[in-house]
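In: heads up, no residue letters with this:
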């Protein structure tokens, strides 16, 4: 999931450089959602791992 967030971030940067504002904003929004999803899943995994000990 983090890999996809990074890919969409790079796509947003490239689109912004070439002047495609709408595409850049969309790709940046998707990257942000994927990144926050990754963070939430990582925290949940950490908490569950600590509770199993």
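Out: Received it, and whenever you're ready, just let me know what you need. These figures come from a predicted structure and were not determined experimentally.
In: any idea how far whatever helix or strand residue 11 lives in is from the chain center?
Out: Residue 11 is part of helix 2-17 when elements are defined by DSSP states H and E. With CA atoms, centre = their mean, to the nearest Å as the basis, helix 2-17 stands 9 Å off its chain's centre.
In: contacts for stretch 19-37?
Out: With CB atoms under 8 Å, 6 or more residues apart in numbering as the contact definition, stretch 19-37 has outside contacts at 1-2, 4-9, 11-13, 15-16. Bear in mind the C-beta positions are built from the backbone N, C-alpha and C, glycine included.
In: which stretches of this protein have low pLDDT?
Out: When the per-residue scores of the chain are filtered using pLDDT under 70, the ranges that remain are 1.
In: and the angle from the longest helix along the chain to helix 2-17?
Out: As far as residue count goes, and with DSSP state H defining each element, the longest helix of the chain is helix 21-52. Between helix 21-52 and helix 2-17, the angle formed by their directions is 160 degrees, by axes from the mean of the first three to the mean of the last three CA atoms, to 10 degrees.
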